[in-house]
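# coords please:
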Amino acid sequence: MQRLYERYLRAESFRKALVYQKRYLLLLLGGFQECEQATLCLIAHMGARPAPPVARNRPLGRFRAAVRVVIAVSRVCTAPDPEPSGGTSQDPERSLTEYIQHLEKVQQRLVGVRPGERHQGDGR
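You can find the predicted model right below:
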């Protein structure tokens, strides 16, 4: 009897989670619809009209989409697995530090400051 009650509680929990997800997604979709309506009103006030939909050959488009999916799946299946051991496993803090240093170098190149110089206002 206890096992049956536990299964009921689990099923009820899943049901409540699905109800919550449904409410959230409906709320999210409603927000997108409001944004879309506001955008369409703004475009209408600007005097522009949306272009009529181009009549496309739907079966050909579906075939192309299916082919792209097959190609993507085959690439994922044949991709080499990353090796868990080896030199690729680094300390996350070290790799974050290296990434930040790389970003600083890129920023210096964009600003035009040489790596040895400091940009005014840097405070370092």
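# Quick check: what element follows the longest helix along the chain along the chain?
The helix of greatest length in the chain, counted in residues with DSSP state H as the criterion, is given as helix 2-46. Toward the C-terminal end, the helix or strand that comes next after helix 2-46 (DSSP states H and E) is helix 58-78.
# which parts of that next one are buried?
In terms of neighbour count (16 or more other Cβ atoms under 10 Å), helix 58-78 has no buried residues at all. Yep, even glycine has a C-beta here, placed from its N, CA and C like the rest.
# Report the separation between residue 93 and residue 100.
According to Cβ to Cβ, to the nearest Å, residue 93 and residue 100 sit 11 Å apart.
# hang on, the earlier thing: mean confidence for the longest helix of the chain?
Per-residue pLDDT over helix 2-46 has a mean of 84.
# and what of stretch 98-116?
Per-region confidence: stretch 98-116 scores 74 on mean pLDDT.
# Which positions within it qualify as buried?
Taking 16+ other Cβ under 10 Å as the neighbour-count basis, stretch 98-116 is seen to contain the buried residues residue 108.
# just use 767 as the starting number from now, easier for me
Renumbered: residue one is now 767, and that last one reads stretch 864-882.
# could you dump it to PDB, C-alpha only?
Included here for stretch 864-882 are C-alpha records, laid out as PDB according to Å, rounded to 0.1, in the frame of the first residue of the first chain:
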ATOM      1  CA  GLU A 864      43.900  32.500 -19.200                       C
ATOM      2  CA  TYR A 865      40.700  33.400 -20.900                       C
ATOM      3  CA  ILE A 866      40.500  36.800 -19.100                       C
ATOM      4  CA  GLN A 867      44.100  37.500 -20.100                       C
ATOM      5  CA  HIS A 868      43.300  36.700 -23.700                       C
ATOM      6  CA  LEU A 869      40.300  39.100 -23.600                       C
ATOM      7  CA  GLU A 870      42.500  41.800 -22.100                       C
ATOM      8  CA  LYS A 871      45.000  41.300 -25.000                       C
ATOM      9  CA  VAL A 872      42.200  41.500 -27.500                       C
ATOM     10  CA  GLN A 873      40.900  44.700 -25.900                       C
ATOM     11  CA  GLN A 874      44.400  46.200 -25.900                       C
ATOM     12  CA  ARG A 875      44.700  45.400 -29.600                       C
ATOM     13  CA  LEU A 876      41.400  47.000 -30.300                       C
ATOM     14  CA  VAL A 877      42.200  50.200 -28.400                       C
ATOM     15  CA  GLY A 878      45.700  50.300 -30.000                       C
ATOM     16  CA  VAL A 879      47.700  50.000 -26.800                       C
ATOM     17  CA  ARG A 880      50.900  47.900 -26.900                       C
ATOM     18  CA  PRO A 881      51.000  45.000 -24.500                       C
ATOM     19  CA  GLY A 882      53.800  46.700 -22.400                       C
END
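# Fine by me, thanks again.
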